[in-house]
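**Student:** Using only what follows, build the 3D model:
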Amino acid sequence: MTTTMTKRTLLSTLLLAGFGIAGAGQALAQAFTEPLRIGLIATYSGPYADYGRQFDAGIALYLKEHGGKVGGRTVEIIKKDTAGPAPDAAKRIAQELVVRDKVSILTGLDFSPNAYAVGAIATQAKIPTLVMNAASSAITTSSPYVARLSFTVQQVTDPMARYMLKQGVKDAYTVVADYASGVDAETAFKKAFTAGGGKVSGEVRTPMSNPDFSAYVQRIKDAKPQAVFFFFPSGVMPPAFLKVWKERGMEQAGIKLFATGEATDDSYLDATGDVALGLVTSHHYSFAHNSPKNQKFVKDFAADNGTKLRPSYFAVTAYDTMAAIDLALAKTKGDTAGDKFMDALKGLSFESPRGPIEIDAATRDIVQTVYIRKTERANGQLVNVEFDKFERVKDPAKEAAAAK
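**Tutor:** Predicted structure coming up:
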C-alpha cells in the first residue's frame, strides 16, 4: 500500500476493493503508521566518503532526540552510495529507490551533478526531494519537487565579495574548481565584486582530478593582484592548494587569500593543519558557532560519535533536513504526497544549530545567515571563529532572476 496517497484517495480505494468501513479504517491507519521510508543518496566510498558519514551522524542525532520518529512514524533510512559525483548512477539509484524500495522521500545529494540528475525522477514520481548539500544555484529549478536545506555557492560567495570590498580590496584573482558549483562561485564573486567597484584581473578554473596547483599559484604571483578568492569542494583540494600557497610565499609577496567555507570544512580542518591558519572564509556553519542550540548539538554529537569526528555543515544540514520533514509532516498530518508535502515546506522556518533558517516560499531554497570567519587555534584546536555576518541571505542568482 503506497504511503503517498492522500487519506481520502486511499480510503476510497480500500472501500472499492471490498475492505468495508472497518477494514478500510484499519488499513488506512496502518499505511500512515508504518515506517517512513527515506532514500538517502550520498557518497560513502572514495575520497569524499566523509560526506555520507556526516549525513548519517546528523540524521542519527535527530532521530535519537525524537525517539526514532519523524511525523509520529518510525523511520527507515535506505542508504545508497554514488562514490562521488556520478549523475548516471544517482539517477539509476533514485529510480530504484522509488520503484523497488517504495520510498516516500529522497534526500542526501552531496554533489550538484547528482542532484540535477535526480530532478527528473523527482518530477516523474512527484516525490519530495530534499537536498542536503549540492550547492549549484539552479538545482531547485530542476523540479518543483526539489527543496534545499543546505546552501548555494553563490549565497556564501556574494557576501565574501562584499566583505573584501569593505576591507579595501579592489583587485582580485579568482581560482575555482571546474564544475557547476565552481562556475557559480566565479560568477557570483565577479558580479558582486565588480558591482562594488572592484576589478577581477584574472580567472582560473582547475580540473577536479589531481590538479597540480604549482603553475596556477606561480601565475598568480607573477600577476601580483591584491587578493585571491578561491573555491574548491570540501576534502582533498583545499589543503593541497593551501600547501602550495604557503610554499610559494604568497603571503610574504603581499597577496591576501580569501575563500568560501569549504576550504576550512570542520570535518577536514585538523588534517588540513596550520596551512589554514589565518584564512578568512564565508560560510553558513562553524563548529564553533556560539549559540545554545549549537553548543547542545556539538555536545550531543560528541557523545554519540566521539571527539575525533567533528560535526561539519553536512551533519548540520542532515539534522535540519530531518527537522524539516518532521515539521512538514505535522502540517500535512502525515501525508507525504508530493504536492501537499512541498506546499508544507514552503515558508517553513525554525532554529538550526547554524542559526535561524527558512525555506523561501517562491524558490524552495534556503534563506540563512552567512558568517565571515577566520581560522584560529583555540584550546589546541583549529576552529573557524565567526566575527562578522550577513543576515537573511537568499541565493543571489534567484534574486537576480526575480528582479528581471
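
**Student:** Give me the helices and strands touching the helix or strand where Pro238 lies, please.
**Tutor:** In this assignment (DSSP states H and E), Pro238 forms part of helix 237-247. Counting contacts by 3 or more CB pairs under 8 Å, 6 or more residues apart in numbering; DSSP states H and E, helix 237-247 packs against helix 213-223, helix 269-272. (Each C-beta comes from the backbone N, C-alpha and C, glycine too.)

**Student:** how many neighbours does Leu309 have?
**Tutor:** One way to gauge burial is a neighbour count; for Leu309, by other CB atoms under 10 Å, it gives 16.

**Student:** just Val200 next, same as before
**Tutor:** Using other CB under 10 Å, Val200 has 18 other residues around it.

**Student:** That one belongs to a strand?
**Tutor:** Yes - membership of Val200 in a strand is supported by DSSP: H, G, I helix; E, B strand; the rest coil.

**Student:** Can you classify the closest residue to it other than its chain neighbours as helix, strand or coil?
**Tutor:** Leaving out its chain neighbours, the residue that sits closest to Val200 by CB to CB, 6 or more residues apart in numbering is Lys190, at 5.0 Å. Counting by three-state DSSP, the backbone at Lys190 sits in helix.

**Student:** Repeat that for Pro159.
**Tutor:** With three-state DSSP as the basis, the three-state label of Pro159 is helix.

**Student:** picking up where we left off before, as a whole number, average confidence for the helix holding Pro238?
**Tutor:** Throughout helix 237-247, pLDDT has a mean value of 96.

**Student:** so what strands line up beside the helix or strand following that helix?
**Tutor:** Of the helices and strands lying after helix 237-247 in sequence (DSSP H and E), the nearest is strand 256-260. Note on strand 256-260: by DSSP bridges, its sheet partners are strand 227-231 (parallel), strand 280-283 (parallel).

**Student:** neighbouring contacts of the first one?
**Tutor:** The one in question is strand 227-231. By CB atoms under 8 Å, 6 or more residues apart in numbering, the residues outside strand 227-231 that reach it are 153, 157, 160-161, 164, 169, 171-177, 181-182, 185-186, 189, 193, 220, 241, 250, 255-260, 262-263.

**Student:** what about the helices in this structure?
**Tutor:** Taking DSSP state H as the test, the helices found in the chain are 7-16, 20-31, 49-65, 87-99, 112-125, 153-166, 180-195, 213-223, 237-247, 269-272, 292-305, 313-332, 338-345, 396-403.

**Student:** Below-threshold pLDDT in the stretch 1-150 of the chain: ranges please.
**Tutor:** When residues are selected by pLDDT under 70, those of the stretch 1-150 of the chain lie in 1-32.

**Student:** circling back: the strands paired with strand 256-260 into JSON lines, with extra columns for mean pLDDT?
**Tutor:** As requested, those are exported to JSON lines (pLDDT from 0 to 100):
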{"stretch": "strand 227-231", "mean pLDDT": "98"}
{"stretch": "strand 280-283", "mean pLDDT": "98"}
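
**Student:** export those to JSON lines and tack on mean neighbour count?
**Tutor:** What follows is the strands paired with strand 256-260, written out as JSON lines (neighbours: other CB atoms under 10 Å):
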{"stretch": "strand 227-231", "mean neighbour count": "26"}
{"stretch": "strand 280-283", "mean neighbour count": "25"}
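
**Student:** Now do the residue nearest to Val200 against Phe111, distance only.
**Tutor:** Taking CB to CB, to the nearest Å as the measure, Lys190 and Phe111 are separated by 23 Å.

**Student:** nearest residue to the most centrally placed residue in the chain other than its sequence neighbours?
**Tutor:** Using CA atoms, centre = their mean, the residue of the chain that lies closest to the mean C-alpha position is Asn133, 2.3 Å off. Counting by CB to CB, 6+ apart, Asp110 is the residue found nearest to Asn133 once chain neighbours are left out, at 4.4 Å.

**Student:** Next up, the contacts around that neighbour.
**Tutor:** For Asp110, the contact set (CB under 8 Å, 6+ apart) comprises Ala42, Thr43, Tyr48, Tyr51, Gly52, Phe55, Met132, Asn133, Ala134, Phe314.

**Student:** Next one: the last one, what pLDDT does it get?
**Tutor:** The predicted local confidence for Phe314 comes out at a pLDDT of 96.

**Student:** Am I right that it is in contact with Ile59?
**Tutor:** No - taking contacts as CB atoms under 8 Å, Phe314 lies outside contact range of Ile59: 10.7 Å.

**Student:** Quick check, Ala240 in contact with Phe213.
**Tutor:** Yes - between Ala240 and Phe213 there is a contact under CB under 8 Å: 6.2 Å.

**Student:** Right, I'll leave it there.
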